[in-house]
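Engineer: Sequence first, predicted model second:
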Amino acid sequence: MTNIAKKASDMVGLPPGTLIHVGEKRSESVRITIFDYDEKFLEEKEVKTIEEAFPYKDKQTITWINIDGIHNLDLIRKVGGHFNLHPLILEDIVNTSQRPKIEDFTDHIFIVLKMLYQTGDDSEIKEEQVSLVLGSNFVISFQETEGDIFNFIRDRIREGKGKIRKMKADYLAYSLIDAIVDGYFLILEKLGEKTESLEDEVMLDPTTKTSQKIHRLKRKIMSLRKSIWPLREIISNMQRGESKIIYKPTMIYLRDVYDHTIQVIDSIETFRDILSGMLDVYLSSISNRMNEVMKVLTIIATIFIPLTFIAGVYGMNFKFMPELEWRWSYFVVWLIMIGLASYMIFYFRRKKWL
Amino acid sequence: MTNIAKKASDMVGLPPGTLIHVGEKRSESVRITIFDYDEKFLEEKEVKTIEEAFPYKDKQTITWINIDGIHNLDLIRKVGGHFNLHPLILEDIVNTSQRPKIEDFTDHIFIVLKMLYQTGDDSEIKEEQVSLVLGSNFVISFQETEGDIFNFIRDRIREGKGKIRKMKADYLAYSLIDAIVDGYFLILEKLGEKTESLEDEVMLDPTTKTSQKIHRLKRKIMSLRKSIWPLREIISNMQRGESKIIYKPTMIYLRDVYDHTIQVIDSIETFRDILSGMLDVYLSSISNRMNEVMKVLTIIATIFIPLTFIAGVYGMNFKFMPELEWRWSYFVVWLIMIGLASYMIFYFRRKKWL
Amino acid sequence: MTNIAKKASDMVGLPPGTLIHVGEKRSESVRITIFDYDEKFLEEKEVKTIEEAFPYKDKQTITWINIDGIHNLDLIRKVGGHFNLHPLILEDIVNTSQRPKIEDFTDHIFIVLKMLYQTGDDSEIKEEQVSLVLGSNFVISFQETEGDIFNFIRDRIREGKGKIRKMKADYLAYSLIDAIVDGYFLILEKLGEKTESLEDEVMLDPTTKTSQKIHRLKRKIMSLRKSIWPLREIISNMQRGESKIIYKPTMIYLRDVYDHTIQVIDSIETFRDILSGMLDVYLSSISNRMNEVMKVLTIIATIFIPLTFIAGVYGMNFKFMPELEWRWSYFVVWLIMIGLASYMIFYFRRKKWL
Amino acid sequence: MTNIAKKASDMVGLPPGTLIHVGEKRSESVRITIFDYDEKFLEEKEVKTIEEAFPYKDKQTITWINIDGIHNLDLIRKVGGHFNLHPLILEDIVNTSQRPKIEDFTDHIFIVLKMLYQTGDDSEIKEEQVSLVLGSNFVISFQETEGDIFNFIRDRIREGKGKIRKMKADYLAYSLIDAIVDGYFLILEKLGEKTESLEDEVMLDPTTKTSQKIHRLKRKIMSLRKSIWPLREIISNMQRGESKIIYKPTMIYLRDVYDHTIQVIDSIETFRDILSGMLDVYLSSISNRMNEVMKVLTIIATIFIPLTFIAGVYGMNFKFMPELEWRWSYFVVWLIMIGLASYMIFYFRRKKWL
Amino acid sequence: MTNIAKKASDMVGLPPGTLIHVGEKRSESVRITIFDYDEKFLEEKEVKTIEEAFPYKDKQTITWINIDGIHNLDLIRKVGGHFNLHPLILEDIVNTSQRPKIEDFTDHIFIVLKMLYQTGDDSEIKEEQVSLVLGSNFVISFQETEGDIFNFIRDRIREGKGKIRKMKADYLAYSLIDAIVDGYFLILEKLGEKTESLEDEVMLDPTTKTSQKIHRLKRKIMSLRKSIWPLREIISNMQRGESKIIYKPTMIYLRDVYDHTIQVIDSIETFRDILSGMLDVYLSSISNRMNEVMKVLTIIATIFIPLTFIAGVYGMNFKFMPELEWRWSYFVVWLIMIGLASYMIFYFRRKKWL
């Protein structure tokens, strides 16, 4: 919600393509790392200024430029200038409230994704925007903060594990997307645990706060859904084979990550359904408890109110009340009262209230 | 609702294309402003009569004629005559209950949109119809009242900021639509705040009016949805590239505003889901409170009704009641009553009612 | 429902194309009126026998034959014979339980519609079937009763208002459909009022009958939906431009009436959603009222049951009860009772039950 | 359900195309009737052995072979052999748990349908599988039991009523399907009556069993839906005009029966919606009744509990209670009690509980 | 859920195509059986090492290699190497959390399915992953454990029953899929029984645990749905006739198994709807029971509270209470109390509470 709000108040009235950083500023400095490789060759370095990265544009090798921190608008503008990126691309990179999307600009493809991760123990799910620009021989990735999610890929490049060094830039882009989707599975795992512990709570020990917890978990899942759902279309778009910078051998890998995305979406829908079902169970358990409370009241009241009446009758002060004089009256009244109470108890037994 | 009603009673039986102003008359006078520009040239003026605007039709420069106030049917008719607009266009311009739509008349495109804005503090969301006629070198925009929503664009034209002076009339139309969609974000922001404060109310301090508030907010959102939903199709239609007066460079901007529209619709759907969830939380909180009330009653009644019965027994006036004579009876009765009450309290503790 | 029933019991086992009038017989006599016109020429007459209308078939001018009353099967059969109508068309004309539909028979198009209107004050919504046969130079319309819904069109033809006299038969058919759709707006207006007054009832003064009223209004709206929904497809079918007897200039008018149909359907869906929301508000208001009743009971019982117990204690007749003898006992007991009651009231205040 | 179960336990592990009769054996003997006709010629006979029917395969006239009883697997196998039917067709004919479907085998079309009918008075809806094999000059129909649903068609063939004798085998197949769909209307009529009487029950006199009745009717409707829904696709498939044995003149009749199917499905959906709405009304009526019960209790308790307290106070046995001695005390206490009760009644009046 | 979790923690960061066994290790040893056959020839053997199976690849006969146990990654890798399988296929084979899917690699097709079965009595539904690789003359099937589900097919091959020996490898693959789908019917049968017994519980004797049971059964059905749903698309994909290794005669069999899949999915949806309906019935039955409890309380309290008040009045100790002295007072008071109680009972009768 807050992101949308930011978008609105900051950007209204600006011409399209105006660079303005939307979102909290998460990292102080900007970190630029470059991987330049082909099957035999590998160069890895961290540069201070973006200009050092520019010469790689025209090299035949695959170049991966990773930029952590997107608040330095000047830097973004320079990248845009050198790599001929459309102003709207630059605007989307720095606007972290962007919906995941793909844009095909013939000689490069622009992709916006949401990376999800959890920090610390049991803390909130964090969302971070990752933008990718895929050219025929380079990938530029923009992250909001330094993260370790792409470290696996760095290792693979360094060690030449898997096919990554043998494939083109499109495979690198696939690998980055795949890493992000793999991250969703970790989040799903946490959500699955939360859902199951909440389910236990509903089943075994529901409290008055339970429905609010269900509601909050539902909201969290809805917000994830919003981040992940568009991915389906993005990857399906890449697979369609209309772009010249996505080569056939990568297609089958894209199909694989597509399948994973469907699996993630399936699980999210399942969580939603489970949470809806949990609410029903919760509501019926409230009603059942109310029933139980009512039964206790009814049993006690129904047994003692008539007895109290009888006691009241013989507490009256009329001059002429023949029973009062009789020797066994008190004894008989006790018998009647015990009989009445026993019948009531028997009646409630038969009704299965006891 | 009321708009539909107006439509019905005013227009039934009139031949199609009959001009009749439907909706409240919001502005007294009509204000006509003209921007005529190309990359190097700019003329801006306010004219008294619409005839002064007619010569611009045949100029090569881009002309934007903005008409605030649509109740002057004569003026509308003149515009229609000069710019060869179909009678149904004119009918739609003056009928403010029109659904957002696009019509392609080969040499011009007609678009109806709903502008949303809030006036004053915390006041109602207002809806205003904006109609655009986009020709190859002109845009005519019709607003119900003078508004400042297009002022940003006026400034951009004046100062030559952004690409607006370098592009064609289609970019101007895009800019107007974009300004309207930007306005939706401001409304969403307000709705987001309302939804969140209502959510707090539901969670922390629900009252008997809360469900009505949820219902009202839901209705408001449903009505927004009705205004915004068709926009999706309108922009998607413009993007399809079938019209000769929408040029390729504008396409990417249309895709951008399309993305924004999807984002707005997504948020509206999210609000709807959240509100539905809130109702469930509210209902369960009512049930919980009823439970609490019942528990208090049950605890008090269950403790004191049996005690009162005991007191009643020894208030009976039978001649022969041995206990009455015994010295320690009163003391023993008190012990019994305290024991009974303690057991009850213990029982409720175990049941977690206390 | 009843219509479906009629269909079933009357028609089962008859060969397709058998003429049998299904529905209540609404008009006694059959009334046949003829309009024959082109841009310059106009003839209007009412004929006694259908044979008088036959010569118009081969005239170049546009002929509109309107037949009020469809129970005269012989007449229908004659029309079918002269104008070469398929037996199934004739069956559909006289079967008023027909679903709205369109059939294209190359040289004529057959359309079934539902006309909706209200008679008297606040009375039920009535549904009447209107069938249109559109040929290249004629329109035959069949109504169940004489109605004034087409009078506007008659006036327009007589006075040459609008484009009707300049256009072909397809424009006449469009005008008739448009008149029917305009009638839907009048019904919507009434439904809107009913929905709003019911909404007020739910918000301000819900009674035990309110949920039934909501249910009934919902049913009414569902039945309207069933009548109107197919219209969407019918007009969209006409617009597709596959028929040779629907000319291009009429297309834009069809698009206009299509837009109106969408608007009607939108409003119906909105009413449905509002009514569903109202049910939720109603249910929560019942629960709230139950809560209030429970609170009153609980407050009274919780205050007085303990006091009654105390009074009961000192109403016991034990010989040895020291308090009874003490001079200030009565006064102290009153103090205790008042103190207890005050505490209870304070407790309920804090709980916000008072 | 039971049908599915049968399918599972009986058929698992058998090779596809194995003939095994699934479903209850409804008729003892098998009855084979043959109609052979063209426009001028008609032969009708009942044969003892299926071999007598084989010569008709190569005759130019239309032949309708109707087989009542599908448990004679040997007979089915012989039919399959003579008419070149695929083993899977034979398997489907004898498996009554088959879903309605159509299969096009170029020179013949295989259709499975569900016939619905009611026997006796107010008894259950019965479902019977009807399989049709439509060849270029023959129709073979398989029914589970002898039924009178096709008698109308037999009469039409005998008497040459309608177009049946003038058309090809496809029209005969259409007529059989039409007869089955007509049967659905009779079922709908019964369901409509049941729905309406249940609606009256919900509105006027809901009992604790009402929700179960609603649930059962809903289940019945869901099961009908499952039988009828696929028909839509079946007829739409036939209409598509891809088969050479369905001729153009029959198309319009198929469109007619398609319309009827849509109408049936529409009504089923409507019943569903009505039943859902009824449940809501029922639930709110339970809540309302609970409210009423609570009010009676609250009114009685709230009036008498304080009065009983007052009586209790003056039933105390303290030595020193000044009021007891005063001459008018008893009278005054009565006044106070009556005043209190009156105030309570006035209070409840104002709250509209009385 | 747990499967997804496994996927996440085990696989994150590995390069695509890395073999890692995901899921519980269900069988100790790996069992490899080979069927090699054509219409006249049959060889069946169990081999110790996978290398013994390799020569069959180039034989003209149909070869079915069944591998029970997928934890031996080395073996899987060897199969992949010899049969030219893509690394992603191998990854999917050993990852048992895979979603059902189909991949067409021109010269072979890869299919992942979920086999469902129940072991022991009334035990849980187990899910096992089955992967099929279909080449032009071979099928390789991978199961997690040895199962008897394919024994029927082995028997058919051995005995030459049905068409299996006369058809190609695609028919064998179809037979395996068909066997798996047949297994679904057995599961459905069990679920149908569970649903019906739960329905009886809801109708006749609902307990506080019933809603939890409904929820659990719903979850089970949702999880089945997730396993079965993708099958629809898989078979529809195979039918599309784009692959050269699926021959025309098999198509009709695929259509048959497609129909069965639809039938399974239909039944699952029906179960879902029934369970939702059951929850409504359950909730209304809780409310009804609460109503009954309330009525008992209200009847008892309403009858005795006023009587107790009367008794209380004449238990007061005022000196001057004329009634106390009168001889018939006690008798009259009894009459009044009996009258009052009778009226109350009559009142509750009229309200149908008794």
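Structural biologist: Nice, thanks for sending it over. Residues are numbered from 1 along each chain as shown, chains lettered A, B, ... in the order given.
Engineer: Just give me the longest helix of chain A.
Structural biologist: In chain A, assigned by DSSP state H, the helix with the most residues is helix A:248-313.
Engineer: and the next element down the chain from it?
Structural biologist: Stepping forward along the backbone from helix A:248-313, the first helix or strand reached (DSSP states H and E) is helix A:322-325.
Engineer: quick one: buried residues of that next one?
Structural biologist: Of the residues in helix A:322-325, A:Glu323, A:Leu324 count as buried by neighbour count, 16 or more other CB atoms under 10 Å in any protein chain shown. The way it works is simple: take the backbone N, C-alpha and C, and place the C-beta from them, glycine included.
Engineer: packing partners for the longest helix of chain A?
Structural biologist: Using 3 or more CB pairs under 8 Å, 6 or more residues apart in numbering or on different chains; DSSP states H and E as the contact criterion, the secondary-structure elements in contact with helix A:248-313 are helix A:169-204, helix A:210-239, helix A:329-350, helix B:248-313, helix E:87-94, strand E:101-104, helix E:210-239, helix E:248-313.
Engineer: please redo it, this time with the cut-off set to 6 Å
Structural biologist: Under the contact criterion of 3 or more CB pairs under 6 Å, 6 or more residues apart in numbering or on different chains; DSSP states H and E, the helices and strands touching helix A:248-313 comprise helix A:169-204, helix A:210-239, helix A:329-350, helix B:248-313, helix E:210-239, helix E:248-313.
Engineer: Same list (these) but as a markdown table, adding distance to A:Asn317 and mean neighbour count.
Structural biologist: Rendered in a markdown table, the data for the helices and strands packed on helix A:248-313 read as follows (distance: least, CB to CB, whole Å; neighbours: other CB atoms under 10 Å in any protein chain shown):
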| stretch | distance to A:Asn317 | mean neighbour count |
| --- | --- | --- |
| helix A:169-204 | 56 | 20 |
| helix A:210-239 | 55 | 19 |
| helix A:329-350 | 16 | 14 |
| helix B:248-313 | 14 | 21 |
| helix E:210-239 | 54 | 19 |
| helix E:248-313 | 10 | 21 |
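Engineer: Tabulate those in TSV, adding columns for mean pLDDT.
Structural biologist: Compiled in TSV, those are given as follows (pLDDT from 0 to 100):
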stretch	mean pLDDT
helix A:169-204	92
helix A:210-239	92
helix A:329-350	94
helix B:248-313	93
helix E:210-239	92
helix E:248-313	93
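Engineer: Relative to E:Thr33, which of those is closest?
Structural biologist: Between E:Thr33 and these, the shortest separation by CB to CB is 23.1 Å, and it involves helix E:248-313.
Engineer: Now the stretch 101-250 of chain A against chain D: closest residue?
Structural biologist: A:Ser211 (18.8 Å; CB to the nearest CB).
Engineer: go on, chain A?
Structural biologist: When scored by CB to the nearest CB, chain A has A:Gly315 as its residue closest to chain D, at 6.8 Å.
Engineer: Name the SS class of the residue of the stretch 151-300 of chain A found nearest chain E, please.
Structural biologist: Shortest the stretch 151-300 of chain A-to-chain E distance, computed as CB to the nearest CB: residue-wise this is A:Gly162, at 2.9 Å. Three-state assignment for A:Gly162 (DSSP: H, G, I helix; E, B strand; the rest coil): coil.
Engineer: For it, report the pLDDT, please.
Structural biologist: At A:Gly162, the pLDDT value in this model is 80.
Engineer: Check A:Gln129 too.
Structural biologist: Value for A:Gln129, per-residue pLDDT: 93.
Engineer: Distance check, it against D:Glu269.
Structural biologist: As for A:Gln129, its distance to D:Glu269 is 43 Å (criterion: CB to CB, to the nearest Å).
Engineer: Could you do A:Met337 as well?
Structural biologist: From A:Met337 to D:Glu269 the distance is 61 Å (CB to CB).
Engineer: try A:Tyr314
Structural biologist: From A:Tyr314 across to D:Glu269, the span is 68 Å (CB to CB).
Engineer: How about A:Tyr37?
Structural biologist: In this structure, A:Tyr37 and D:Glu269 are separated by 60 Å, where distance is defined by CB to CB.
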